[in-house]
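Provide a 3D model corresponding to the input given below.
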Amino acid sequence: MMNMNGTKTSACGNVNDIAGGRKTVESIVACEGTEGAVLVNMGHDDAVVFTDEVESVPSLDSESDDDEEEEWDSDEESLEDDEEDAELDEGLAERRRIFADARALKTLAVAYAHPQRGVTSADGACFGRNYFGRPSAAETEDDEFADERAEILEEAAALKKLAMDYMHPEVGVTATDATVFGRNFFSRPSAPEVEDMEEAEERALVLAEAAALKKSAVDYMHPEVGVTSTDGACFGRNYFGRASAAETEDDEFADERAEILEEAAALKKLAMDYMHPEVGVTATDGAAFGRNYFSRPSAPSTEDVEEAEERALVLAEAAALKKSAVDYMHPEVGVTTTDATAFGRNYFNRYSAFEVDVPKKETESPQASQDMAAVQSLAAAVKGANLPSTKSTKLSSSDHDVSGAKKSASTVNLFGLSEAF
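Model prediction:
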């Protein structure tokens, strides 16, 4: 029997290679007691194969007791090397098992996540039917369409949730994570003040009572508005349509009269605005503004009120001075007045006027008497002379017709008077 010395080493003895006395990597047999032997086989493709079959080693079967004693002696000499070899073998075996498990798990995960990948087999005797491509399989969509549909549904759900949160802020936020916390939007310190439920109900009652009072006041102030009722059992006599009611005009005539009065008022306002442009436009709307017609940049130059009054005074004084000058220069022009009660005295023949001497006519001289007699005789000669017809005839100084000749500025036309002398 081989002494284990408290270590779990190979129960198959030392199978040393030729080079360094180490155990072969290709075949490691792990034995714990007499059960649970596992054989790890590493091929050229790094595939790990676990098997419970323990292959027999010829060297172990043919050893004799003498050989064991010899080996015991040799083991005592190389005890330290064996311990190191045992630890190394155990680590290598554990590492290979881990790699084998990882590769197996990876292969299983890839096969599960990618069922579209077919099973590859080098054995010609292996065959089988595809579960997803069988004739009786349910219709499935491609991965691209499935991913697109999933994204669309996810976005629609997110939009729906966002719309619900916006339309119903009164619904609180529900969270299953105990570490999630936050402030309430409505009860935060900077939130606007809101009224309680009691105050809101009280305000609703006050508004309802105010609406009822307003309706009563409207019914009292406007009895012409009929009472509307949906109850067929309600009936009564009309105050305005009763037999003893005062005569009233119809709605059509009343509307027509109101329109006529409104149009007349508008026309009157328009006429007033046209006839009195000096009256400014009055507006109660602060946003209303406009340009003044008289003070616009393109308006003709006008004088101020003070200059206009000064000019009127100057013209009035000039007119008064002109009238005084005309009265002074033309005293023969009588005073004209339209006032029947106006009267006055003559300045020259008033009772208190100064006495003036009227010049007497001088006696005519003999020469003047002769001149007067000559003129009178000439007039008598002209009157008794046989003058030609009234035909206009241009005569020269020698009593010749000069109608076709050019007349000098000093020419004197006697018009037949030369024949009388």
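
Next, count neighbours for Leu92.
Residues within reach of Leu92, counting by other Cβ atoms under 10 Å, total 15. In short, each C-beta sits where N, CA and C put it, glycine included.

That one: helix or strand, and which one exactly?
According to DSSP states H and E, Leu92 maps onto helix 79-113.

Also Arg203?
helix 197-221.

continuing past that helix, what's the next helix or strand?
helix 251-275.

Next secondary structure element downstream of that following helix?
Heading C-terminal from helix 251-275 (DSSP H and E), you reach helix 305-329.

now the residue most central in space within the chain: how far from Arg296?
In the chain, the C-alpha nearest the mean C-alpha coordinate belongs to Ala287, at 19.6 Å (Cα atoms, centre = their mean). Ala287 sits 21 Å away from Arg296, taking Cβ to Cβ, to the nearest Å as the criterion.

try His168
60 Å.

How about Tyr220?
53 Å.

The nearest residue to Met272 once chain neighbours are set aside: neighbour count?
Nearest residue to Met272, sequence neighbours excluded (Cβ to Cβ, 6 or more residues apart in numbering): Val279, at 7.4 Å. Look at Val279: counted by other Cβ under 10 Å, it has 9 neighbours.

Quick check: which ranges of the stretch 101-250 of the chain have low pLDDT?
124, 232 (pLDDT under 70).

ok, residues contacting the very next helix or strand once past the helix holding Leu92?
The C-terminal neighbour of helix 79-113 among helices and strands, as given by DSSP H and E, is helix 143-167. The contact list for helix 143-167, computed with Cβ atoms under 8 Å, 6 or more residues apart in numbering, reads 116, 141, 171.

related to what we said a few turns ago, for the residue nearest to the centre of the chain, give me the pLDDT.
Confidence at Ala287, expressed as pLDDT, is 73.

same question, the one 10 residues further on
In the predicted model, Pro297 carries a pLDDT score of 86.

who's in contact with the spatially most distant residue from the centre of the chain?
No residue in the chain has its C-alpha farther from the mean C-alpha position than Pro366, which lies at 117.6 Å (Cα atoms, centre = their mean). Counting by Cβ under 8 Å, 6+ apart, Pro366 touches no other residue.

Can you verify Val173 is assigned to a strand?
No - read with DSSP: H, G, I helix; E, B strand; the rest coil, Val173 is coil and lies in no strand.

That one: how many residues sit nearby?
Val173 has 9 nearby residues by other Cβ under 10 Å.

correct me, but it touches Arg183?
No - applying Cβ atoms under 8 Å, one finds Val173 not in contact with Arg183, separated by 10.8 Å.
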